[in-house]
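Student: I'll drop the sequence and a predicted model, then ask my questions.
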Amino acid sequence: MPGALESRPVRRLPDRVRLQGRVLFLAEDAALVRQQLAGQDLDWRPGIKLRDDISTDEITPAYICYYYDETLGDFPYLGLKCGNEFPITRRSVKGGGFVASVSGKRRGKGSSREQSPYAEMCAGIRLVIAENIERIYRENCQNLGVLTTTDFSIIDRVRRGEEIPLSTFTAGEGEITRGIIEYGGLFNYNLARLQGKVVLTPPQTPPRPMTLGEKILARHWVVDPSTGKVGVPAVRPGDEGFVVTDIRFSHEYVTPMAAIFFEQLVGPDQRVNDPGSVLLFRDHLTFLAEAMTPERIKEGLLDVANQLEQKQREFAEKQGIKLYGELRLGHHGSEAICHSKILEAHALPGQVIIGSDSHTPHAGAVGCVAFGVGTTAIFNSWITKDVRLTVPETVKVVVRGRKPESVTAKDFMLEILRHPYIKSGRAIGKLVEYCGEAVAALSVDERATMTNMTAEVGGFTGYVAPDEKTVAYLMAYRKMSRVEAARLSAGLASDPDAEYCEVIEIDAAQLKPMIALPGDPGNGLHIGELADRVKVEIAYAGSCTAGKKEDMDMYARVLKEAVDRGERVAPWVRFYIQCGSQEVKRYCEEMGYLEVFRQVGATFLEPSCGACINAGPGVSRTKDEVTISAINRNFPGRSGPGQLYLANPYTVAASAITGYITEWQPGMTLATASR
């Protein structure tokens, strides 16, 4: 395939750029946003509060991502919540003549969806300004050719229509990121790389003590793409280059857009590089017909969403790529959620894995470097099989001691997420290494809860070094011999004197079951600290984070006790339990859990992302409905307009029985529990 691209014209952007248009300030005050949309420019000054923590769910709510072409330009910021209002409407940004968009801290957190910057770009936004910008979102912007900066002095220069040196946006960037910006995006940069117009110098880092994440990246470092030479003695934070990938996967939210890019820019008859290491999943929208409102169905959105499945399936068939599809014969659901199946059947210690989803670090539970990337990075990896990165610093999270029986890995993460270092955004884009006696005591399933939620930390990825539990997992799930599993895990540990930018220590013995208040996973409290008794209407147990075998063990433990006491789900609660894969469903059948779930009055659902992305049973319908959920994030609108609390699997099951947010303890009688 590279031969088909060797003669394609490619050139750099001009040295100076003029961004002609208005500046849109995403203020906390909805009235100020509406004034700008109506044509009145805002005389912004630092005293006017800008929205912080804008997630990609707010830039492009999940249902907007059913579109995968320029139509997305009608929709940026439709989910943006300012106070209790949603001031932005369809086409209002596109019609406003805006060229720049400004917000506060943590711009682009959450899902890795490239539809967000693509929607902004198609609406005319060429520059994003924020105090700090999440890694995947920022890379997506760069890959598409959207400029980003944290320098607020640029605002006045844009307003004056000045020519701004392109170097303003490349200053401080590494060689590759600078080149991607200068070539106007990743595809053009890779064209230049394939044509020999860009020749990268491998890192000259001498041998040094390294973290496990650094070791894996060093082993996969692309030295000479023309000869296929891979691997360098050492890397350090700040080294920039490309690493070859072992697995590349995407799902139906992303594959169609990537396929369109591939067919338009590479050629409709070209083949992807090494299709055997590419996996596709139909796992996000298989329950959509049950969750979509009649109004949106009337708008034709269900038909639009179904085109995603068709385009992905056709591309998989044409390219000879393995597709984990949806269930047939009238059953909603899928073979597996992508993260569940990658961990169960594909990820191996020491690998580099990229996926089109922010929760790709899930697979780090077996000691690999797995991270989320956007559509353009996935599409480019189909050409080059590699992905660009800058080696991040590493944060070490040490969970010491022995946890109480009712505390889970989810509680570890809710505690970590409220830590000042994490809460302030200082872990954004960093490797996160989880270790300590309490982590070592966890199963691989529970470790996956931690690595999965590295996305909520804002980290580049998270991992746990492989050990005997990893070996046992590979033997059970991959039918490996002990010798083979141990060989794969051997030598995969951080050096004793490796460097960390921060060490966070937590005493597991002091932890209690946690709850995250609506709005952000970092809003953690001990359940006992809730000021009032909270009545719930929906309990949702599932998703990639909480649909594994051990999660099912936890739900079943609570519910078996309830069945033995003749208790059922509270009459006003809708309780859903959704597994992450058919493997997990078979486990539930073998263990008798499905019958327990039936007896207690829970609804068991086939694998799918479902309510976690507002696309399945378990979504709220009104802003007053309260949901208790074991999923990974509770950003505004994530699972409907209601109030979404996060908790561990025990709490979700106990709350479904009592009808109120309830801390579970072994042997407690739920019917009389007050909280």
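Tutor: Sure thing, it's come through.
Student: going by C-alpha atoms from here, please, whenever you check contacts or count neighbours.
Tutor: OK.
Student: can you dump the C-alpha atoms of the helix or strand where L644 lies in CSV for me?
Tutor: In the assignment (DSSP states H and E), L644 maps to strand 643-647. Extracted in CSV, the C-alpha atoms of strand 643-647 (Å, rounded to 0.1, in the frame of the first residue of the first chain):
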residue,chain,number,x,y,z
GLN,A,643,-28.9,12.3,38.4
LEU,A,644,-26.2,9.5,38.1
TYR,A,645,-24.3,8.3,41.1
LEU,A,646,-21.3,5.9,40.7
ALA,A,647,-20.7,3.1,43.2
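Student: paired strands for it, with orientation please.
Tutor: Neighbouring strands of strand 643-647 in its sheet, by DSSP bridges, are strand 514-516 (antiparallel), strand 626-629 (parallel).
Student: what lies in contact with that strand?
Tutor: With contact meaning CA atoms under 8 Å, 6 or more residues apart in numbering, strand 643-647 is reached by 410-411, 513-519, 521, 623-634.
Student: now the strands paired with strand 643-647 in a markdown table, with mean pLDDT?
Tutor: Shown next, in a markdown table, are the strands paired with strand 643-647 (pLDDT from 0 to 100):
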| stretch | mean pLDDT |
| --- | --- |
| strand 514-516 | 98 |
| strand 626-629 | 97 |
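Student: single out the most deeply packed of those.
Tutor: strand 626-629 (a mean of 30; mean count of other CA atoms under 10 Å).
Student: mind jotting down where the helices sit in the stretch 1-150 of the chain?
Tutor: 2-5, 30-37, 56-59, 115-122, 135-144 (DSSP state H, counting those that start in this stretch).
Student: can you check which of the ones you listed gets nearest to G618?
Tutor: Between G618 and those, the tightest spacing by CA to CA is seen for helix 56-59, at 17.7 Å.
Student: what's in contact with that closest one?
Tutor: Contacts of helix 56-59 (CA under 8 Å, 6+ apart): 76-81, 108-113, 116, 635-638.
Student: among those residues, which ones are in strands?
Tutor: Nothing among those maps onto strands, per DSSP state E.
Student: neighbours around the closest residue to P571 other than its chain neighbours, how many?
Tutor: Spatial nearest neighbour of P571, excluding adjacent residues (CA to CA, 6 or more residues apart in numbering): G659 at 8.0 Å. Neighbours of G659 under the rule other CA atoms under 10 Å: 25.
Student: surely G659 is in contact with F575?
Tutor: No - contact criterion CA atoms under 8 Å: G659 and F575 do not qualify, at 10.1 Å.
Student: report the set of residues contacting both of these two.
Tutor: Each of V569 lies in contact with both G659 and F575 under the rule CA under 8 Å, 6+ apart.
Student: if we can go back for a sec, of the helices of the stretch 1-150 of the chain, which shows the lowest average pLDDT?
Tutor: Ranked by mean pLDDT, the helices of the stretch 1-150 of the chain bottom out at helix 2-5, with a mean of 65.
Student: for the residue nearest to the spatial centre of the chain, pull up the helix or strand it's in.
Tutor: Nearest to the mean C-alpha position of the chain, by CA atoms, centre = their mean, lies S358 at 1.7 Å. Assessed by DSSP H and E, S358 sits outside every helix and strand.
Student: read off the pLDDT value for the nearest residue in space to E625 that is not next to it in sequence.
Tutor: Counting by CA to CA, 6+ apart, the nearest residue to E625 once its immediate chain neighbours are dropped is G642, at 4.8 Å. pLDDT recorded at G642 is 95.
Student: okay, now G642: neighbour count?
Tutor: 21.
Student: now the one 3 residues further on
Tutor: Residues near Y645, counting by other CA under 10 Å, number 26.
Student: where's R557, which helix or strand?
Tutor: With DSSP H and E as criterion, R557 is part of helix 549-564.
Student: angle of the next helix or strand after that helix against helix 549-564?
Tutor: Counting by DSSP H and E, the next helix or strand C-terminal to helix 549-564 is strand 574-578. Counting by axes from the mean of the first three to the mean of the last three CA atoms, to 10 degrees, strand 574-578 points 140 degrees away from the direction of helix 549-564.
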